[in-house]
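**Student:** sharing a model that was predicted from the sequence below.
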Amino acid sequence: MSLESLVDEIRRRGEADLAELIASRDAEGTKIVAERNRRLEALRSESARATEAEVARERAQRLAAAKLQARKLLYEARERRLLSAIGETRTLLQEYTRTPQYPFVLKRMMTVATDSLGKQLKVSGRAEDAALLAKVAGKCFDPAPLPIVGGLIAETPDGSRRLNLSFDELLRLREDRVREILA
C-alpha cells in the first residue's frame, strides 16, 4: 500500500464520516424541528382549549348574572305590585269604615273581645269611631284615639292581655295570605 492510497483511504473515510455526521446532524435537526413544531402545536391547542374554556366560563357567568338580574327585577316588580295592592286594600278598608255594615262589624268585634278577655275591658279605636264605640262598648270605651284604619283594640283593665282587632293588625297578620291571593 502506498502512501497515496493510504491518504486516499483516510480521505474517503473522513468524507464518509463527515457525510455520516452531516446526515446525522440533518436528521437530528429535522427531529428537533419536528419536536418544536409538535410542542408549538400542543401549546397552541392547549391555549385554544384554555381560551375556549375561559370564554365559556365567562359566558356562563354573564348569563347567570343576567338571569339573576332578571329575577331580581321580576321580584321587585311583583313586590311593587303587591305593595300597591296592599295599599289599595287599606284604602278599601278605609272606605269600608264608611259603609252601613261597619257598625255591625264593630259589634261582632266587641263580642269576640268580651268572649276572649271577659266583660271588664278597656276598648280603644279611631277618633271617627268614638261615638259608635262608646255606644257598643259602653263604659269600657277609652276615648284616647288610635292611629288605625278601623276596628278596635281591647285589653284587660290591668293591661296583661290585649286583643288587637284593628284592620291594620288583621291585614298584617294575614299579609302572607293576601300576598298569595294577589300573586
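**Tutor:** Now that the structure is in, tell me what you want to look at.

**Student:** what distance do you get for the residue nearest to the spatial centre of the chain to residue 84?
**Tutor:** Centroid check for the chain by C-alpha atoms, centre = their mean gives residue 72 as the closest residue, at 6.1 Å. With distances taken as C-beta to C-beta, to the nearest Å, residue 72 is found 19 Å from residue 84. For glycine as for every other residue, the C-beta is placed from the backbone atoms N, C-alpha and C.

**Student:** and what of residue 146?
**Tutor:** Using C-beta to C-beta, residue 146 is found at 25 Å from residue 84.

**Student:** who has more neighbours out of those two?
**Tutor:** residue 146 (16 against 11; other C-beta atoms under 10 Å).

**Student:** near residue 89, how many other residues are there?
**Tutor:** 17.

**Student:** actually residue 79, not the one I wrote
**Tutor:** 11.

**Student:** longest helix in the chain, by number of residues?
**Tutor:** helix 3-96 (DSSP state H).

**Student:** which helix or strand lies directly C-terminal to that helix?
**Tutor:** helix 102-117 (DSSP states H and E).

**Student:** and that next one, how far from the chain's centre?
**Tutor:** Chain-centre distance of helix 102-117: 42 Å, with C-alpha atoms, centre = their mean, to the nearest Å.

**Student:** for that helix, packing partners?
**Tutor:** Counting contacts by 3 or more C-beta pairs under 8 Å, 6 or more residues apart in numbering; DSSP states H and E, helix 102-117 is packed against strand 122-125, helix 130-137, strand 151-155, strand 162-166.

**Student:** any stretches of this structure with poor pLDDT?
**Tutor:** For the chain, the stretches with pLDDT under 70 are 1, 182-183.

**Student:** re the thing from before, so can I have TSV of the helices and strands packed on helix 102-117 showing distance to residue 50 and mean neighbour count?
**Tutor:** Shown next, in TSV, are these (distance: least, C-beta to C-beta, whole Å; neighbours: other C-beta atoms under 10 Å):
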stretch	distance to residue 50	mean neighbour count
strand 122-125	72	24
helix 130-137	77	17
strand 151-155	68	23
strand 162-166	64	18
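
**Student:** which of the ones you listed sits closest to residue 55?
**Tutor:** strand 162-166 (59.3 Å; C-beta to C-beta).

**Student:** domain ranges for the protein, per the record?
**Tutor:** 1-96, 100-182 (automatic domain parsing).

**Student:** so residue 117 touches residue 157, yeah?
**Tutor:** No: the criterion here is C-beta atoms under 8 Å, and residue 117 misses it with residue 157 at 9.8 Å.

**Student:** what about those two, which has more around it?
**Tutor:** For residue 117 versus residue 157, neighbours defined as other C-beta under 10 Å are more numerous around residue 117 (19 against 11).
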